[in-house]
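Engineer: 3D, please:
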Amino acid sequence: MWTTGRRAGLLAAAAAGLSLFAAHGLAGDGFFAEQFADPRTAAMLLETVFVYLLFFCVDRIYGRGQRKIARVLLLLSFAFRHLALCSVLMAGLWVLMLSLAGMALLYRRAEIAATAEKLYRGFLTGAACWIALVGLLSGFHIGGLFTWRALAGVFSLLALLTVGRALATGGLRSRAFPGAAADVRRSVGESAVRALTITAVLVQLGRLNLAVDYDSLRYALRSPFVLDNGRGIFEALGSVNQVYFYPKGLEILTLPLYLGKSYGPTLAFSFCLGLLLLFLLYDFCRAEIGEKSALYPVAVAALLPGVMNLSVSAKTDLITILFQLYAVREVRRAERRRGTERRVAFSFAASALLFTFMLKPTAPVFSGGLLIGFFLYALVYGRRRGHITLFAGGGQKDKIPWRQLLLPPLFTLTALAAVTLRTLHLTGYPLVSVFTGLFETLGFAADIRSPCRVSRMPGQSSPGKRVSLRFSCVFAFCF
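Structural biologist: Next up, the predicted model:
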């Protein structure tokens with residue numbers, strides 16, 4: 001009889017064998033033969049193994065305090081050695097200030113606590129509030145890096161004065177992150193998985209200060225030249241690349257981090273978002289499958305290049321995934337609750353999906369598919385349980401927390417309006433990229449200065465040639 005453990009072991013062995021086979025093929029005369037032949041590759045692999053063994057040994061230390069101190073010292077030493085410590089601290093502080101500001105808007109002082117739920121809700125609300133505030137000031141031609149840095153300082157100071165004092169007087173006793181329980185002796189398997197997750201994250205941290213990819217240069221790394229040159233985000237700067245007219249939610253969030261002489265803090269903001277994604281996945285899986293089992297999907301996510309490679313890029317994919325996963329988390333939370341708490345959870349889920357619309361021009365497609373999935377899930381599984389999950393009420397009548405119910409969608413819609421108005425003002429379209437043809441059909445006229453107009457098919461071509469061109473376009477779009 002094949003047990004679950006044996007099946008998992010067989011799959012792990014098969015995966016390890018296939019990985020070794022792929023590495024041998026790539027290292028021999030394969031695509032990465034030159035990289036594997038470079039002595040620096042061997043040094044990098046040796047350093048990775050050494051870091052893994054260090055964190056594995058640290059996780060075997062008995063005593064939560066000693067284990068935390070050793071882990072923090074190793075993390076700080078690694079970040080300092082790879083010249084990324086200051087950038088990560090700056091970006092992490094800004095992420096924290098956005099979360100605290102959101103918590104100050106959502107909760108009364110007695111309700112503030114450092115729980116994962118409230119920190120993520122605070123980050124959503126604080127980020128939307130910041131974008132809305134930047135959009136409002138830009139409407140009066142107020143802008144420039146000095147303005148946004150000063151505003152971020154005031155923003156952070158108010159957050160610390162309101163929320164920081166409440167956390168210091170008792171909110172930090174709440175359990176927000178993994179490892180806050182009473183100290184227990186971990187198994188060798190758990191220590192191995194934890195060390196593997198940390199090592200995978202540190203591999204990305206070590207790459208943070210090496211090079212800048214081309215797409216990042218077209219997104220948030222040149223914001224003072226393509227987004228705000230001193231008169232706000234609505235200023236027409238004569239850009240000739242369609243990317244500069246994309247929704248600029250992420251770029252607006254990182255405006256205070258731009259230093260001019262270093263890309264570090266802006267890229268480190270994406271790295272911090274990657275950490276938030278892993279913590280959110282852990283919190284989600286902990287509620288679904290238990291605390292110990294939740295370590296494994298987090299380790300898999302940390303090892304996926306398609307996820308964590310984005311943590312050292314200024315592209316918008318990672319923050320989009322973060323808010324989409326957060327929407328799923330809130331829907332699952334709503335399913336377990338009743339009454340007002342359910343409506344609040346749905347309010348945050350809807351706000352998270354709306355937030356993705358100001359990050360990528362294609363977000364309506366993917367977030368729209370996620371919304372359809374929510375409704376299908378409610379119809380299929382809700383009927384099995386005797387109620388429609390997404391719409392069921394019930395529960396005790398309690399005081400409605402209007403701030404938690406209304407502020408997230410209000411700030412998100414206001415921020416989305418500001419980001420969309422920027423694209424509409426500069427191009428004549430609410431969205432560019434794949435949607436320009438659709439908006440032309442609906443009657444939108446592009447600005448003559450915009451490069452977003454869709455090219456027409458040549459009228460002098462034969463009918464067969466035109467059909468072939470259209471088929472080629474459809475095939476290229478789909479595949």
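Engineer: list the residues that contact the closest residue to Leu275 other than its chain neighbours.
Structural biologist: Distances taken as CB to CB, 6 or more residues apart in numbering place Val201 nearest to Leu275, at 7.1 Å, with adjacent residues excluded. For the C-beta atoms, the positions are set from N, CA and C on the backbone; glycine is no exception. Val201 is in contact with Gly274, Leu275, Leu278, Ala302, Met308, counting by CB atoms under 8 Å, 6 or more residues apart in numbering.
Engineer: take those and write them to JSON lines, including pLDDT.
Structural biologist: Listed next are those as JSON lines, based on pLDDT from 0 to 100:
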{"residue": "Gly274", "pLDDT": "95"}
{"residue": "Leu275", "pLDDT": "95"}
{"residue": "Leu278", "pLDDT": "95"}
{"residue": "Ala302", "pLDDT": "94"}
{"residue": "Met308", "pLDDT": "90"}
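Engineer: closest to Leu379 among the residues you listed?
Structural biologist: The shortest gap between Leu379 and any of those belongs to Leu278, at 31.7 Å (CB to CB).
Engineer: quick one: secondary structure of Ser191?
Structural biologist: Here Ser191 is helix, with the state taken from DSSP: H, G, I helix; E, B strand; the rest coil.
Engineer: now it. Nearest residue, chain neighbours left out?
Structural biologist: Asp59 (4.0 Å).
Engineer: neighbours around the one you found, how many?
Structural biologist: 19 (other CB atoms under 10 Å).
Engineer: pull the contacting residues for it.
Structural biologist: Arg67, Arg71, Arg186, Glu190, Ser191, Arg194, Ala195.
Engineer: which of the residues you listed are buried? Put it as a ChimeraX command.
Structural biologist: Of the contacts of Asp59, the buried ones can be selected in ChimeraX as follows, counting by 16 or more other CB atoms under 10 Å:
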select :67,71,186,191,194,195
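Engineer: between the contacts of Asp59, which sits nearest Arg222?
Structural biologist: Of these, the one sitting nearest to Arg222 (CB to CB) turns out to be Arg71, at 36.2 Å.
Engineer: in the helix or strand containing the closest one, what's buried?
Structural biologist: Assigned by DSSP states H and E, Arg71 belongs to helix 64-81. Going by neighbour count (16+ other CB under 10 Å), the buried part of helix 64-81 is Arg67, Ala70, Arg71, Leu74, Leu75, Phe78, Ala79.
Engineer: ok so, going back, quick check on the residue nearest to Leu275: phi, psi?
Structural biologist: Main-chain dihedrals, Val201, degrees, to the nearest 10: phi -70, psi -40.
Engineer: gap between Leu20 and Ala294?
Structural biologist: From Leu20 across to Ala294, the span is 28 Å (CB to CB, to the nearest Å).
Engineer: kindly apply the preceding question to Leu421 instead.
Structural biologist: 41 Å.
Engineer: cool, and Ala15?
Structural biologist: The value you get for Ala15 to Ala294, if CB to CB is used, is 20 Å.
Engineer: how many neighbours does Leu145 have?
Structural biologist: 18.
Engineer: next one: Gly437
Structural biologist: That count, for Gly437 with other CB under 10 Å as the rule, works out to 11.
Engineer: show the pLDDT at it.
Structural biologist: If you check Gly437, the pLDDT there is 72.
Engineer: likewise Gly171?
Structural biologist: Value listed for Gly171 in the pLDDT field: 50.
Engineer: for Ala104, give me its contacts.
Structural biologist: So Ala104 contacts Ile112, Gly122, Leu158, Ala159, Thr162, Val163 (CB under 8 Å, 6+ apart).
Engineer: excluding chain neighbours, what is closest to it?
Structural biologist: Using CB to CB, 6+ apart, the closest residue to Ala104 is Thr162 (4.1 Å).
Engineer: picking that back up, what is the nearest of the buried residues of helix 64-81 to Arg333?
Structural biologist: Arg71 (29.5 Å).
Engineer: surely the closest one and Phe55 touch.
Structural biologist: Yes. Counting by CB atoms under 8 Å, Arg71 does reach Phe55; the two are 7.1 Å apart.
Engineer: need the overlap of contacts for the two.
Structural biologist: In contact with both Arg71 and Phe55: Ile198, using CB under 8 Å, 6+ apart.
Engineer: thinking again about what came up before, neighbour-wise, which of Leu20 and Ala294 wins?
Structural biologist: Between Leu20 and Ala294, Ala294 has the larger neighbour count (other CB under 10 Å), namely 19 against 10.
Engineer: what sits against that one?
Structural biologist: Pro178, Leu281, Tyr282, Cys285, Arg286, Glu288.
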